[in-house]
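# A predicted structure for the sequence below; I have some questions about it.
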Amino acid sequence: VITTNDLLDTISNVSPAPTADTPSPTHSVIQPTAHEHLIIEQSHPTPSGSAHEPVVAVQKGVAQEESEFHFSGNWLTIVGVLAVLLGAGFFLKYSFENNIIGTTGRVVLGVIAGLVFLGLGEFFNKKYAKYSHLLSGGGIGLLYLSVYGILYYSLIGSPITGLVFMSFVTLVSIVLSVRYDSKGIAALGLIGGFLTPVLFGSLLGEFLLIYYLIILDVGLLALAYFKDWREVLWGSFIGTSLLVGSWIGTFFVPSKIWIVEAYLAVFWLIFTTASLFHYYFHKRSPTNPDLFLLVLVGLSSAGTAYGLLVRTFGENLHYASILPFTLAVAYTIFTLIGFRIRKDEPKLALYPMGMATLFLTLIFPIELDGEWLTVAWFVEAVTIGAIGSFLRNKTLLYYSIPIYGLAVVTFISSGKMFAFESAPIFNERFALYLIGIASAFIIMYFFYRLRPRPGTPIMANEGDAAGIYFIAANILIGLLLIMEILTFS
């Protein structure tokens, strides 16, 4: 590390003139600016002939230094904002306990401080964006604390008004996060929004928490339209799941079963829509976390709803298949929307179609058993294959494989596959074998219709599941012949 004067002395006085016999080393000289210190490295030409590696090293060093400066500066600002929030919280707590300031004055101070932080965040947004975002986040935190104080000390008539104020603060945080393009403000609004019911605790009525969560999640659904912030969406789903689970454990009674089922349906609709909403109107592809959330929302909602039905009705539960049937229809609607709006992105249709297939499959074991369950799953596999063939989508055809496998497993477990019948051919076993064999050949034909090159032999395309169905059909044919021969003998 040398100064500018040292550099000039080195260039003018020290460097010897090269001779014909003596190869001169290559110096990477960087024109310095005032008050800078530079790293000068002596190097020989690289095999590629480049002599600019020291320049790159200097640039990397400067970039690393600037990155470290911004990183430390951001953390210092974050710590400062958190310190202000903690200080405000302890001040309010101390003034509450020692009655230093009147109840109204305490809360008014918090509201004023929060608004001041928001104003400063707006003022500094153009020049110091990151710092202004942290100031805005601190203002939102102060407003949350202040509204909590308003409700806790009964400065307003009812908890409903307090939740309205909280909802407004959450809305402000969402609007600011979109305006400033700041995921941090959205996260802070999310944390504050889900901590609000925890702070209110017993002040909330029987269904007040549910109404509040619906308002909060609808706001986050609006956010999902503008921004692809999956962390915020995941945080909202986790927070909602924890609070709803806690609410069910505290307030659920069997007499309110249908009201609770309706609320669960609303939450399912919000998060299913939110996981797909952004991609319907923006030319982007959904990521694996988004699609996993779609699956998780469906399974958790259906599992909770069915568990509450069993808890309420027990053995007297009738028409339980209405739940998976309704979900299958709903996911089919999402499938059609995906096909119509984003034909260029098949995932937006295929994943809802997979969920529809799953819930359609679950209907049959609820209502049927034995050989009828086997028949139902064979027919469903063919139906899914027919839809895939009609839409010319091979992925839908692959959905038929696990369903066909379930049908075969049920065929075996029911005892009909190896059952001895009194008469050959005209018996239940023969009919089930015939349905299974016919289903395999029909689905194999659907794969054949989607072959890449017309006229290609049916087994020529590697990766096609037609071979799986061809093998399954021949195995069933062989077993059928064996069982019929044994029946004749």
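Sure thing, it's come through. Numbering: from 1, shown residues only.

# residue contacts, L323?
Taking C-beta atoms under 8 Å, 6 or more residues apart in numbering, we find L323 in contact with A302, A305, Y306, L309. Heads up, the C-betas are built off the backbone N, CA and C, glycines and all.

# ok, which stretches of the stretch 101-250 of the chain are helices?
Under the criterion DSSP state H, counting those that start in this stretch, the stretch 101-250 of the chain contains helices at 103-123, 129-152, 159-180, 183-200, 208-226, 230-251.

# so which of those is the most packed in?
helix 129-152 (a mean of 24; mean count of other C-beta atoms under 10 Å).

# convert the C-alpha atoms of that helix to CSV, please.
In CSV, the C-alpha atoms belonging to helix 129-152 read as follows (Å, rounded to 0.1, in the frame of the first residue of the first chain):
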residue,chain,number,x,y,z
ALA,A,129,-34.0,4.2,0.7
LYS,A,130,-32.8,1.4,3.0
TYR,A,131,-32.6,3.6,6.1
SER,A,132,-36.0,5.1,5.4
HIS,A,133,-37.5,1.7,5.2
LEU,A,134,-36.2,0.9,8.6
LEU,A,135,-37.6,4.1,9.9
SER,A,136,-41.0,3.3,8.4
GLY,A,137,-40.9,-0.1,9.9
GLY,A,138,-40.1,1.4,13.3
GLY,A,139,-43.1,3.7,12.9
ILE,A,140,-45.4,0.8,12.2
GLY,A,141,-44.1,-1.0,15.3
LEU,A,142,-44.8,2.0,17.4
LEU,A,143,-48.4,2.3,16.0
TYR,A,144,-49.0,-1.4,16.8
LEU,A,145,-47.9,-0.8,20.4
SER,A,146,-50.0,2.3,20.7
VAL,A,147,-53.2,0.7,19.4
TYR,A,148,-52.6,-2.2,21.8
GLY,A,149,-52.3,0.4,24.6
ILE,A,150,-55.6,2.0,23.5
LEU,A,151,-57.4,-1.3,23.7
TYR,A,152,-55.7,-2.6,26.9
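
# just checking, what packs against it?
For helix 129-152, the helices and strands in contact under the criterion 3 or more C-beta pairs under 8 Å, 6 or more residues apart in numbering; DSSP states H and E are helix 53-98, helix 103-123, helix 159-180, helix 183-200.

# now do it, average pLDDT.
What helix 129-152 shows for mean pLDDT is 74.

# tell me the angle that helix makes with helix 103-123.
If you take axes from the mean of the first three to the mean of the last three C-alpha atoms, to 10 degrees, helix 129-152 sits at 160 degrees to helix 103-123.

# begin at 32, not 1, for the rest of this chat.
Taking 32 as the first residue, the last one we looked at is helix 160-183.

# and G338, how close does it get to Y429?
Applying C-beta to C-beta, to the nearest Å, one obtains 31 Å for the distance of G338 from Y429.

# which of these two has more residues huddled nearby?
Y429 (18 against 11; other C-beta atoms under 10 Å).

# which residue packs closest to the more buried one, ignoring adjacent ones?
Sequence neighbours aside, A496 is the residue nearest to Y429 in space, at 6.1 Å (criterion: C-beta to C-beta, 6 or more residues apart in numbering).

# let me see the contact set for the one you found.
Contact analysis of A496 by C-beta under 8 Å, 6+ apart lists L428, Y429, I432, F478.

# taking those residues one by one, which sit in helices?
L428, Y429, I432, F478 (DSSP state H).

# residues near the last one, how many?
Meaning F478. 24.

# need the pLDDT of F257.
In this prediction F257 is given a pLDDT of 77.

# is it correct that it is in contact with R210?
No. At 9.9 Å, F257 does not count as touching R210 under the criterion of C-beta atoms under 8 Å.

# quick revisit: lowest average confidence across the helices and strands packed on helix 160-183, which one?
Mean pLDDT values for the helices and strands packed on helix 160-183 show the minimum at helix 84-129, a mean of 54.

# K447: what secondary structure?
Following DSSP: H, G, I helix; E, B strand; the rest coil, K447 is assigned to coil.

# where does it land on pLDDT?
The confidence metric pLDDT takes the value 81 at K447.

# that one: neighbouring residues, count only.
Per other C-beta under 10 Å, the neighbour tally for K447 reads 19.

# next: I418.
When neighbours are counted by other C-beta under 10 Å, I418 registers 20.

# do I508 as well
Count around I508 with other C-beta under 10 Å applied: 15.

# coming back round to it: now the ones in helices among the contacts of A496 in JSON lines, please, with extra columns for pLDDT.
Below are the ones in helices among the contacts of A496 laid out as JSON lines (pLDDT from 0 to 100):
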{"residue": "L428", "pLDDT": "82"}
{"residue": "Y429", "pLDDT": "85"}
{"residue": "I432", "pLDDT": "88"}
{"residue": "F478", "pLDDT": "85"}
